[in-house]
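[1] Sequence isn't available, so here's the structure alone:
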């Protein structure tokens, strides 16, 4: 049995809480917090009633208990940090994660901010404290890319990676190619489907994909790269003509995040790519190709977002920590 | 540091030996055997000279030392069993694996025979002896499907699996579709490329794919299925017309291995499938789609064969065992 504290009760947090409550995973939630309230019980909280309270009142617990209180005081083995991403400062998540690591608690996060901005420092702190810092859910949703790098391809040298890491852009490009839509038309459709934000800048200008590329590159090569190191071009200037010309050659266009250390390439940009290439996936799917010395090219495809899909990645990390580090009765 | 004994010096065995010699993996080969000879040295064998001897003389070591001697007497932590697959009896590999497990040695194999025919018994023996039996390399070559099931998708319920598990068939179908070749023409081309055996029965009638499906299904659901439980149709009766008709509908035909427990489906057969489906890969590639409750569909694509590609899977298993179980100075 492993005890966890869950910080953040947006769509991902509710998905994780729901799956832990539903499945027999040997995981007990002993602390919880949203932005307005918190709760702690060393014997395990009543998740159903907390989620009902969140739906009814907009907060889950006691307004006198904060996230920081839960992190500092609850009885838990691993912190699940799933607060919203702040891509500029990484806060308050960086502070939350540090506080847990300092208490020698394992940390699992879906939050791109802290991992993109402060990976080196957080990783070093986790190593110093002898605990795990895992973040499978930060990149490509349900696709178990970090586990694949860590175990499936252990012993391989990773020579390059290529990824379709932003579902919004992939949806827009798929629709432009399939229906001859303009960028604006496809974006409007993506908004209607709930795949694009009112302000789509973060997605369509490749910032989200670049952040994920930074996380992957630092994980693989430990080279301390930052968002500003990524050459970045978005999809917002692409025309239906460009997609038609690609189509004439048996190709299409996708927003590809690439890291190729031997060529000093670190780039997010629209690329012309053969339609039958494994990376060419449709709609909001994500895909990653790893080029390695022994396995050669390995491609992983799956859903890049979604409450339960992201919970899958977080639960994979939790079970790994439970299996490897935690042994309670 | 971990000591290993390597049994089998065909293309896969030589690939594994070469990678262990080349890379700094903390693995030492202390025992080795081919079908005619063997060698042991608790301080580590000279791999380069053994491989040179194999090339020059056709055998690697001392003709008075057999594979069974190495398995029984060498000082090793894990056995690497990579002798040729015998799909009818699984021998002598089953005997080799049992002998190592009884000595409480971990086992890593690329041999489909023992895992398809005797998984239940071998798995139970490994559990009883407290050692690992790993077989990532038996299915889909370099694709880390077993690691993905074990860790990446931990906590997920696997609802179904769909796979392109035979590169020979996939090559033939790709060429029939791309060039309008007949089955016989495409088979001849596959033979010329070295992708098909002189007697292609095992591949084109779906036996190889069915064996891999049995291994996967037993791993996932532990349901003790056997080769005879698989409904099997090969590709040898397919006509160019069938592929043309599929093409008219934006589809193509692939030999798909499917296991869908809720529908009692366990089948290898040519299926019509949309061209933009992630499982539609070209040439000799392999692909697998797992349908799960949380991650939904996850697809993995990679090379299904090859000496170094298969070595990648074996080394992934060895490093997992080393990391998890073995701690030598």
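    Cool, the structure landed. Please read all numbers here as calculations on a predicted model, not as lab measurements.

[2] which SS state does the closest residue to residue A:226 other than its chain neighbours fall under?
    Take residue A:226 and drop its neighbours on the chain: the residue closest to it by C-beta to C-beta, 6 or more residues apart in numbering or on different chains is residue A:214, 6.6 Å away. C-betas here are computed from N, CA, C, even on glycine. What DSSP: H, G, I helix; E, B strand; the rest coil gives for residue A:214 is helix.

[3] Also residue A:299?
    strand.

[4] Around chain B, pick out the residues from the stretch 201-329 of chain A.
    Neighbours of chain B within the stretch 201-329 of chain A, by C-beta under 8 Å from any C-beta of the partner chain: A:275-276, A:278, A:280-282, A:285, A:292, A:294-303, A:306, A:308-309, A:311-313, A:315-316, A:318-320, A:323.

[5] If we use 6 Å, what do you get?
    A:276, A:278, A:282, A:294-296, A:298-303, A:308-309, A:311-312, A:315-316, A:319-320 (C-beta under 6 Å from any C-beta of the partner chain).

[6] In strands only, show me those residues.
    A:298, A:299, A:300, A:301, A:302, A:303 (DSSP state E).

[7] quick check: mean pLDDT across stretch A:261-277?
    The average of the pLDDT scores along stretch A:261-277 is 95.

[8] ok, the residue most central in space within chain A - contacts?
    Nearest residue to the geometric centre of chain A (C-alpha atoms, centre = their mean): residue A:138, 1.8 Å. Counting by C-beta atoms under 6 Å, 6 or more residues apart in numbering or on different chains, residue A:138 touches A:112, A:115, A:215.

[9] now do 7 Å
    Counting by C-beta atoms under 7 Å, 6 or more residues apart in numbering or on different chains, residue A:138 touches A:109, A:110, A:111, A:112, A:115, A:215.

[10] Tell me where the stretch 101-250 of chain A has helices.
    Ranges of helices within the stretch 101-250 of chain A are A:112-129, A:145-147, A:167-179, A:183-192, A:201-204, A:207-221, A:240-248, based on DSSP state H, counting those that start in this stretch.

[11] Point out the most buried one among these.
    Across the helices of the stretch 101-250 of chain A, the average number of neighbours (mean count of other C-beta atoms under 10 Å in any protein chain shown) peaks for helix A:145-147, which reaches a mean of 26.

[12] where does chain A dip in pLDDT?
    A:327-329 (pLDDT under 70).

[13] can you list the domain ranges for it.
    Split into domains by automatic domain parsing, chain A comes to A:2-142+A:308-324, A:148-303.

[14] Just tell me which of the ones you listed ends up closest to residue B:93.
    domain A:148-303 (23.1 Å; C-beta to C-beta).

[15] Among the contacts of residue A:138, which one lies nearest to chain B?
    residue A:110 (13.6 Å; C-beta to the nearest C-beta).

[16] contacting residues for the closest one?
    Taking C-beta under 7 Å, 6+ apart as the test, what residue A:110 contacts is A:12, A:82, A:137, A:138, A:310, A:314.

[17] Could you check how far the second one is from chain B?
    Right, the one you point to is residue A:82. 15 Å (C-beta to the nearest C-beta, to the nearest Å).

[18] Residue A:81: neighbour count?
    Neighbours of residue A:81 under the rule other C-beta atoms under 10 Å in any protein chain shown: 27.

[19] Can you tell me the closest non-neighbouring residue to residue A:322?
    residue A:2 (4.4 Å).
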